[in-house]
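> Structure of the sequence below:
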Amino acid sequence: MSTATTTTRHAVIDSPIGPLTLVREDDGLTGLYYPGHWTHPDQTTFGPRVDATADPEFDDAVTQLNEYFAGERKDFDLPLNPQGSDRAQRVWRLLAEIPYGQTTTYGALARAVGEGISPRAIGGFVGHNPLSIYIACHRVVGSTGKLTGYAGGLDRKQYLLELEKAIPVAPQSLW
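Okay, here's the model as predicted:
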């Protein structure tokens, strides 16, 4: 009698915002991380590194990211399997509902979750979203519209929001 095992593996791909680490199990993607990801995911859980072009199960994830960065894709259609508590899963489902090119606030998410959860607690769940970009945590801003917190850094958050035309493109510095 054989027992089914999940094979976790990861691939690092290039993107306009730097290298991205994609982590997947057989039943879907479990992570998308940046270098220096501020929530410090446990890289020992990523499994062995594979070449994304040699593992066909990464094909759709890579193709859809490339289409997104080219401005050709607004929604992702992939099997996603983020790991987290029930409350975290609830917050991440709400993040997935934020339309392309729009933003919401931590406070609005807190009100949607209810149960007396604070905007700060929402920020914790948003910051620990393991599937950045695919589950669009970059679309959450401060109560005044200010860009606050992003596991990949504010420069990447700004880039993604500008790409989606959710915020005006910032003027380029001459220096």
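> now residue 58, what's its secondary structure?
Three-state assignment for residue 58 (DSSP: H, G, I helix; E, B strand; the rest coil): helix.
> So it is in contact with residue 52, correct?
Yes. In terms of Cβ atoms under 8 Å, residue 58 counts as a neighbour of residue 52; the distance is 4.3 Å. Every C-beta, even on glycine, is put in place using the N, C-alpha and C of the backbone.
> Need the residues touching each of those two.
Listed contacts common to residue 58 and residue 52 are 11, 22; contacts here mean Cβ atoms under 8 Å, 6 or more residues apart in numbering.
> Tell me how many other residues crowd the nearest residue to residue 28 once chain neighbours are set aside.
Closest residue to residue 28 apart from its sequence neighbours, by Cβ to Cβ, 6 or more residues apart in numbering: residue 79 at 3.3 Å. By other Cβ atoms under 10 Å, the residues close to residue 79 number 13.
> which residues does residue 79 contact?
27-29.
> how close does the residue nearest the centre of the chain sit to residue 111?
Centrality entry for the chain: nearest residue to the mean C-alpha point is residue 132, 0.8 Å, by Cα atoms, centre = their mean. For residue 132, the distance to residue 111 equals 23 Å [Cβ to Cβ, to the nearest Å].
> Contacts only, for residue 98.
By Cβ under 8 Å, 6+ apart, the contact set of residue 98 is 104, 136, 139-140.
> what about the residue nearest to residue 106 when sequence neighbours are not counted, distance to residue 84?
Distance criterion Cβ to Cβ, 6+ apart; nearest residue to residue 106, sequence neighbours excluded, is residue 119 at 3.8 Å. Distance, residue 119 to residue 84, by Cβ to Cβ: 19 Å.
> if we can go back for a sec, make sure the residue nearest to residue 106 is actually in contact with residue 113.
No. Between residue 119 and residue 113 there is no contact under Cβ under 8 Å: 10.2 Å.
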